[in-house]
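Q: the following block contains a protein sequence and its predicted model.
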Amino acid sequence: MKPDVMIGMEVHVELDTESKLFCGCSTTAEIPNSATCEVCLGHPGSKPVVNKKAIDYALKLALALNCKISPELIFSRKSYFYPDMSKNYQITQYEIPLGREGSIKIGEKEIGIIRVHLEEDPASLVHKGSMETSPYVLVDYNRSGRPLCEIVTKPDIGSAEEARDFMKRLITILKYLKIFDIKKCIIKADVNVSVAESGNTKIEVKNVSGFKEIENAVKYEIERQKKEVKEGKKIKQETRGWNPETGATFFLRSKETEEDYGYIFDPDLVVIDITKEVIEKAKKEMPELPSEKVKRFVKLHKIKPEDAEILSAEIILADLFEKLAAEINPLVAAKWLRRELPRIAHYNKKELEDLDVDEKHIIELIVMVEKGEITETVAKKILEKMLVKTFSPKDYVKKEKLGMVAGASELKKLCEEAVKENPTVVNDYKKGKLEALNFLVGQVMRKTKGTANPVELKEIIKKIII
């Protein structure tokens, strides 16, 4: 029995190379149409030469996705007539992909990978406003010929959330391999969506970028198809676009078949042997991947599997955890890193890579908490400042007088003030509303700028009220 929803993805990842796939033009030029030559524009008589680094990167990705590697690298021409490809064909791989029959795990579910192959990126089409309403189209050939790696999945994805999680997992692997720079490289997906009600007629949504947009596009398309079937309309195979501003897909064209592209082997590019020696060399250069890191963190550092998953999902967290675990209790390090760093990055609207991280200062801060020199509340506030611009937490605590308030008489005095200032809350506590005690503790914590021990405060306040 087929599932209710079937989703397959064709993900195009721009590889982080300095030059294009078949010529020496830069991949980082900013002025439109300034990084072009006779090869990437397809002038008669020009001869492409393949970028070795792009092959190395694609091979590592195919291995990381558990693919079988083809013994030969063969390029084909995909013929189509569109302004984003000036030579009227795209150099890609069709008959024999670099990698095939791979997989990637999201949680406990395995998503099948049909193929991983290299191809050149078409040019960038620039619209004024949305694609649907733009009065004209501009073409920037700077992007034409940049190296892409395409990952094609089986229709094993069952929901919009799984599609988003697949993309997150894929990007994690790309970061570990260091073959993709999220700040400058493009990653986009063509999403194929079908529902059981239509007999699983496949609809392709082209060029969707970003985790949230992929999730939103899939959700919309599932609901649209189900609604159309319910209204008695027949779903026909077609290609649609996604408009993030309206949150809707729109018709682009009837879906082409592979035969429409008239694939032929590219006569200008020689066959490249992918020998066992080449594969073994690539394997030796591979880093420890997230799934392997999770197992090691659990076994070596005795942290919870869910903590290991979160830490390993971001290479910067994983590397930082390794450094902290060598100096302090790994369980404590995991607790702080998995919760606080993502929270602070999100609050500052930054990526983890953009934070000013100094592991020595983070260790210094956590040790102060463990020794009872400062409270967790104070430490969290200091960490928020430290990750914007790092500094010594020990010096900061001394300067701002944020050390733990431990004097019994001083704490008792502040607790008595809080009780006196909040008679209604005190009565609520006496009536059995336990959350009222937390409110009183919060009032004292405010008076001490978070430098008191909340556990100690609870006991003092209880004695005062009784």
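A: Received the coordinates, thanks. Numbering: from 1, shown residues only.
Q: quick one, what contacts N200?
A: 2, 6, 194 (CB atoms under 8 Å, 6 or more residues apart in numbering). Every residue, glycine included, has its C-beta placed from N, CA and C.
Q: can you pull the phi/psi pair for it?
A: Dihedral pair for N200: phi 60, psi 40, per degrees, to the nearest 10.
Q: and the one 10 residues further on, by the same measure?
A: Summarising the backbone geometry of G210 under the convention degrees, to the nearest 10, its torsions are phi 90, psi 140.
Q: run a quick neighbour tally on it.
A: Here the count is done by other CB atoms under 10 Å, and G210 has 15 residues near it.
Q: tell me the pLDDT of E400.
A: E400 is assigned 84 on the pLDDT scale.
Q: got the domain ranges for this structure?
A: 5-281, 288-400, 408-465 (automatic domain parsing).
Q: can you list contacts of the longest helix seen in the chain?
A: Assignment by DSSP state H gives helix 211-230 as the longest helix of the chain. Under the criterion CB under 8 Å, 6+ apart, residues 5, 7, 159-161, 163-164, 167-168, 189, 191, 193-195, 197-198, 203, 205, 208, 235, 240, 242, 244, 247-249 lie in contact with helix 211-230.
Q: over to stretch 351-367?
A: Here stretch 351-367 makes contact (CB under 8 Å, 6+ apart) with 182, 314, 316-317, 320, 323-324, 327-328, 332-333, 336, 341-342, 344-345, 348, 379, 382-383, 386-394.
Q: now those residues: which count as buried?
A: Among those, those classed as buried by neighbour count (16 or more other CB atoms under 10 Å) are 314, 316-317, 320, 324, 328, 333, 336, 341, 344-345, 379, 382-383, 386-387, 390, 393.
Q: could you list the buried residues of the longest strand seen in the chain?
A: Criterion DSSP state E: the longest strand present in the chain is strand 109-120. By neighbour count on 16+ other CB under 10 Å, the buried set for strand 109-120 is 111-120.
Q: immediately after that strand, which helix or strand?
A: Per DSSP states H and E, the first helix or strand lying C-terminal to strand 109-120 is strand 124-127.
Q: and that following strand, which residues are buried?
A: The neighbour-count check on strand 124-127 (16+ other CB under 10 Å) flags 124-125 as buried.
Q: which strands and helices sit next to that strand?
A: Applying 3 or more CB pairs under 8 Å, 6 or more residues apart in numbering; DSSP states H and E, we find strand 124-127 packed against strand 137-140.
Q: each with direction, which strands does the strand it packs on pair with?
A: Partner strands and pairing direction for strand 137-140 (DSSP bridges) are strand 124-127 (antiparallel).
Q: and the helices in the stretch 151-300 of the chain?
A: Along the stretch 151-300 of the chain, counting by DSSP state H, counting those that start in this stretch, helices occupy 160-177, 211-230, 276-285, 290-301.
Q: before we move on, back to that, report the angle between the longest helix of the chain and helix 160-177.
A: Taking axes from the mean of the first three to the mean of the last three CA atoms, to 10 degrees, one finds helix 211-230 and helix 160-177 inclined to each other by 150 degrees.
Q: kindly export helix 211-230 (C-alpha atoms) in PDB.
A: What follows is helix 211-230, C-alpha atoms only, in PDB (Å, rounded to 0.1, in the frame of the first residue of the first chain):
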ATOM      1  CA  PHE A 211      14.400  25.100   5.000                       C
ATOM      2  CA  LYS A 212      11.200  27.000   5.800                       C
ATOM      3  CA  GLU A 213      10.300  27.700   2.200                       C
ATOM      4  CA  ILE A 214      10.700  24.000   1.300                       C
ATOM      5  CA  GLU A 215       8.500  23.100   4.200                       C
ATOM      6  CA  ASN A 216       5.900  25.700   3.200                       C
ATOM      7  CA  ALA A 217       5.900  24.800  -0.500                       C
ATOM      8  CA  VAL A 218       5.400  21.100   0.300                       C
ATOM      9  CA  LYS A 219       2.600  21.900   2.700                       C
ATOM     10  CA  TYR A 220       0.800  24.100   0.200                       C
ATOM     11  CA  GLU A 221       1.200  21.700  -2.600                       C
ATOM     12  CA  ILE A 222      -0.200  18.700  -0.600                       C
ATOM     13  CA  GLU A 223      -3.300  20.800   0.300                       C
ATOM     14  CA  ARG A 224      -3.700  22.100  -3.200                       C
ATOM     15  CA  GLN A 225      -3.600  18.700  -4.800                       C
ATOM     16  CA  LYS A 226      -6.000  17.200  -2.200                       C
ATOM     17  CA  LYS A 227      -8.400  20.100  -2.700                       C
ATOM     18  CA  GLU A 228      -8.300  19.800  -6.500                       C
ATOM     19  CA  VAL A 229      -9.100  16.000  -6.300                       C
ATOM     20  CA  LYS A 230     -12.000  16.700  -3.900                       C
END
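Q: off-centre distance for it?
A: 22 Å (CA atoms, centre = their mean, to the nearest Å).
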